[in-house]
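Colleague: this is a predicted model, with the sequence first.
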Amino acid sequence: MAKQKADGGIVETIKTVFWALIIAGVFRTLFFQPFWIPSESMKDTLLVGDFLFVNKMAYGYSQYSCPFGLCPFSGRILASEPERGDVVVFRHPGTGEDYIKRLIGLPGDTVQMQDGLLYINGEVAPQEPAGIFEEVMEPQGPQRSIPGCANAPVPMGATCQKSRAIETLPGGRSHSVLNITDSYITDNTPVFTVPEGNYFFMGDNRDNSADSRLPQINRGVGYVPAEYLIGRADRVIFSSAGSRMWQFWTWRSDRFFKAIE
């Protein structure tokens with residue numbers, strides 16, 4: 001009798017764990033998706049090692065958020081339109097990898113960069129100088145990437161600098177952007193006209209971001225169709241400057257639960 005009770009207890013435990021995993025998987029699939037920041041393309045809004053949850057319900061369902069492929073629809077059903085200035089996680093239209101960038105161009109917009117300044121529908125997005133962004137020149141995150149610096153060459157352990165500005169988009173939303181130089185290929189572009197049903201994304205670290213300014217053939221993103229949007233990033237939950245999450249001495253406690261602007 002005791003053995004039967006023990007066996008029954010094990011079975012119930014296994015059932016409980018099984019259903020807990022199913023519920024967690026559905027919750028993750030439908031509502032939120034964890035995301036680690038692997039690169040410096042969104043500095044200083046997002047740093048390498050920031051951890052966040054992506055709000056997948058911000059815009060509605062997509063073919064990517066349909067649990068187990070059982071939804072009776074395909075394509076994108078928008079609960080609300082993405083807004084210019086949102087920080088969005090999306091799937092790269094060519095590779096399927098998850099990317100995170102800022103939404104700059106809406107369907108029908110024209111977008112162009114001239115001498116490092118952003119023009120939307122022919123009007124410049126004004127920038128106000130906001131000092132210098134500084135960080136230590138060292139490998140960052142699990143990928144051990146090396147930051148780009150305006151004051152290059154910079155030896156390991158020295159201070160890497162980029163100029164910082166506050167950019168204001170049409171509609172009044174403002175955010176920080178970083179700059180290394182105004183002479184990169186992405187600082188002077190042709191005029192892009194965003195097709196209907198597509199969006200144009202850029203990184204806040206303007207000279208270190210492969211985004212919609214570059215076509216996919218040049219390792220860029222190009223235009224992103226609505227069905228590739230995953231969700232909006234609203235808040236950093238946790239942040240670590242180290243190569244491993246458990247390295248508590250590298251935690252950035254000042255970024256815990258920090259709102260993303």
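Modeller: Yep, it's here.

Colleague: all contacts plus neighbour counts: C-alpha atoms, from now on.
Modeller: OK.

Colleague: helices of the stretch 151-261 of the chain, start to end?
Modeller: Using DSSP state H, counting those that start in this stretch, the helices of the stretch 151-261 of the chain do not appear at all; there are none.

Colleague: low-confidence ranges, the stretch 101-250 of the chain, go.
Modeller: Residues of the stretch 101-250 of the chain meeting the criterion pLDDT under 70: 243, 245-246.

Colleague: how about a cut-off of 80?
Modeller: 141-143, 241-250 (pLDDT under 80).

Colleague: ok, what's across the strand from Glu167?
Modeller: Gln127, His175 (DSSP bridges).

Colleague: shouldn't it be in contact with His175?
Modeller: Yes - if you go by CA atoms under 8 Å, Glu167 and His175 touch, sitting 5.5 Å apart.

Colleague: once you drop chain neighbours, what's closest to the spatially most central residue of the chain?
Modeller: Most central in the chain under CA atoms, centre = their mean is Ile100, positioned 2.0 Å from the mean C-alpha point. Closest residue to Ile100 apart from its sequence neighbours, by CA to CA, 6 or more residues apart in numbering: Val89 at 4.3 Å.

Colleague: what's the residue nearest to the centre of the chain in contact with, if anything?
Modeller: Applying CA atoms under 8 Å, 6 or more residues apart in numbering to Ile100 gives the contacts 42, 87-90.

Colleague: from the residues you listed, pick the one nearest Arg252.
Modeller: For the contacts of Ile100, the closest approach to Arg252 (CA to CA) belongs to Met42, at 16.9 Å.

Colleague: the closest one and Ser174, how far apart?
Modeller: Taking CA to CA, to the nearest Å as the measure, Met42 falls 14 Å from Ser174.

Colleague: what do you get for Val87?
Modeller: Relative to Ser174, Val87 is positioned 12 Å away (CA to CA).

Colleague: between these two, what contacts are shared?
Modeller: Taking CA under 8 Å, 6+ apart as the criterion, Val87 and Ser174 both touch Glu261.

Colleague: break this structure into its domains for me.
Modeller: Using automatic domain parsing, the domain parsing of the chain gives 1-30, 34-259.

Colleague: spatially nearest residue to Gly242, not counting backbone neighbours?
Modeller: Thr250 (5.3 Å).

Colleague: which residues are in contact with the one you found?
Modeller: Applying CA under 8 Å, 6+ apart, one finds that Thr250 lies in contact with 240-242.

Colleague: ok, now how distant is the closest residue to Gly94 other than its chain neighbours from Ile230?
Modeller: Sequence neighbours aside, Gln216 is the residue nearest to Gly94 in space, at 6.8 Å (criterion: CA to CA, 6+ apart). Remark: distance between Gln216 and Ile230 (CA to CA) = 19 Å.

Colleague: out of the two, which sits in the busier spot?
Modeller: Under the criterion of other CA atoms under 10 Å, the comparison of Gln216 against Ile230 puts Ile230 first, with 28 against 17.
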